[in-house]
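A.B. asks: The following comprises the amino acid sequence and a computationally predicted model.
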Amino acid sequence: MRVSAQQSYNSMNNQFNTLSTRLQTTITQMATGKRILLPSDDPIAATRITQLNREQAAIEQYQSNISAASSSMNQQESVLDSVDNTLLSIRDDLLAAQNGTLDATDLSSYGSAIESATHSIVAALNYQDEDGHYIFGGTVNDKPPIVYEDTDGDGEGDEYVYQGNDNHRETTVSNGVTIDTNVSVGEMFGDDLSILNTLDDVSKTLQDPALDPTDPAVSTDIQQAIDTVDRATEGLNTAIASLGERQNTIGMLSDAQTGVSDANQDLIGQLQDLDYGPATIEFTGLQMAMEATMKTYAKVSDLSLFNVVD
């Protein structure tokens, strides 16, 4: 069957276009360093890469949640450590005030110090984070967890009242895994705030101008306050330990996720990254093939029936 010049032109033009497309793809691959530019380049690998990228995005969110939770718990630990130190200082003052040789002036001085330290504890437990949220009120974060209220109607504050709850805030730190990110005043000291109200009462007692230092009731009140401080310190230390345990847990999760993320990134690279050795060889071969096609096309273009000599 005779092949017309037009058919030859069409064939060479199609071949040229195919080579040009392949060359442009190779150039783009070499420029981006990516073997897969379109899912159709390798459907199986492209599907796996999509799955891995979704997993990477999830890990990134988990890591962000872990970072925020860790920062919050670090803040809480720092505040509670200061409260713990203040309670120890109050206990020392109570023990000193229990000395039977002190006069009313000495006891009043200790009472004033205990009152000031109690105010410091309240201020610490009413701590707000950078977003203005109260962090020790359970899930109630829009008002201070501790207020000093007038409960007897005389127009003056006389009792510390807890406005929060004992619920925990949670954050997702891994697939199907959540962790509590806070501790509350209520779970540490009880919703009745007996520690604060006991300290408030004993500080007032010690500063009462009519106080008789020899009255056995004074020593009894002080001992009751010491016992209350010991119970409060135990609850506080339990909360601090709980925060530490949670920090350890999310730290291990973070390390594990970092390992998975690194492995995923390596696998994505293996599936997607271009091997420049073979790509360079293919690039050179395509260039040569295009040059040969163009030369052939030029020669065929010069041929016609009038160029043929008998």
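C.D. replies: Yep, it's here. Numbers count the residues shown, from 1 in each chain.
A.B. asks: any low-confidence regions in the stretch 201-310 of the chain?
C.D. replies: 273-283, 285-310 (pLDDT under 70).
A.B. asks: Okay, helices next: where are they in it?
C.D. replies: In the stretch 201-310 of the chain, the helices defined using DSSP state H, counting those that start in this stretch lie at 216-272, 276-302.
A.B. asks: what's near enough to touch Ala239?
C.D. replies: Contact analysis of Ala239 by C-beta atoms under 8 Å, 6 or more residues apart in numbering lists Leu80, Val183, Glu187, Met188. Just so you know, the C-beta spots here come from the backbone N, C-alpha and C atoms, and that holds for glycine as well.
A.B. asks: Ala68: which of those residues is nearest?
C.D. replies: Distance to Ala68, by C-beta to C-beta, is smallest for Val183 among the contacts of Ala239, at 16.4 Å.
A.B. asks: Could you report the pLDDT at Arg2?
C.D. replies: According to the prediction, Arg2 has pLDDT 50.
A.B. asks: Begin at 822, not 1, for the rest of this chat.
C.D. replies: Okay, residue one is now 822; in that scheme the one you just asked about reads as Arg823.
A.B. asks: just the strands in the stretch 922-1071 of the chain please.
C.D. replies: Listed in chain order, the strands of the stretch 922-1071 of the chain (DSSP state E, counting those that start in this stretch) span 967-970, 980-983, 991-995, 998-1001.
A.B. asks: Could I get the contacting residues of the nearest residue to Val1050 once chain neighbours are set aside?
C.D. replies: Excluding its sequence neighbours, the residue lying closest to Val1050 (C-beta to C-beta, 6 or more residues apart in numbering) is Arg912, at 4.9 Å. By C-beta under 8 Å, 6+ apart, Arg912 lies in contact with Ile1047, Val1050, Asp1051, Thr1054.
A.B. asks: Can you get me a residue count around the third one?
C.D. replies: Using other C-beta atoms under 10 Å, Asp1051 has 12 other residues around it.
A.B. asks: now do the one 4 residues further on
C.D. replies: As a burial measure, Glu1055 scores 11 neighbours (other C-beta under 10 Å).
A.B. asks: how close does it get to Asp1042?
C.D. replies: Between Glu1055 and Asp1042 the distance is 21 Å, computed by C-beta to C-beta, to the nearest Å.
A.B. asks: Then Ile942?
C.D. replies: Counting by C-beta to C-beta, the gap from Ile942 to Asp1042 is 19 Å.
A.B. asks: which one of the two has more residues nearby?
C.D. replies: Set side by side, Ile942 and Asp1042 show more neighbours around Ile942, with 23 against 19, by other C-beta under 10 Å.
A.B. asks: Could you report the pLDDT at the more buried one?
C.D. replies: 98.
A.B. asks: you'd agree it is up against Asp905?
C.D. replies: No. When contacts are counted by C-beta atoms under 8 Å, Ile942 is not listed as touching Asp905 (9.9 Å).
A.B. asks: pretty sure Leu928 is touching Asn920, no?
C.D. replies: No. Between Leu928 and Asn920 there is no contact under C-beta under 8 Å: 9.5 Å.
A.B. asks: more neighbours, the two?
C.D. replies: Legend: neighbour count by other C-beta under 10 Å for Leu928 and Asn920, higher for Leu928 (22 against 13).
A.B. asks: OK, contacts around the more buried one?
C.D. replies: Per C-beta under 8 Å, 6+ apart, neighbours of Leu928: Ala918, Leu1027, Gln1028, Leu1032, Pro1034, Val1039.
A.B. asks: That one - nearest residue in space that isn't next to it in sequence?
C.D. replies: Excluding its sequence neighbours, the residue lying closest to Leu928 (C-beta to C-beta, 6+ apart) is Leu1027, at 4.6 Å.
A.B. asks: how many other residues sit next to the one you found?
C.D. replies: 28.
A.B. asks: Next, find the distance separating it from Leu1092.
C.D. replies: Between Leu1027 and Leu1092 the distance, using C-beta to C-beta, works out to 74 Å.
A.B. asks: do the same with Leu1074
C.D. replies: Leu1074 is 26 Å from Leu1092, by C-beta to C-beta.
A.B. asks: Please apply the same query to Asp950.
C.D. replies: 42 Å.
A.B. asks: the more surrounded of the two?
C.D. replies: Neighbour comparison, Asp950 and Leu1092: the larger count goes to Leu1092, with 17 against 13 (by other C-beta under 10 Å).
A.B. asks: Appreciated, that's everything.
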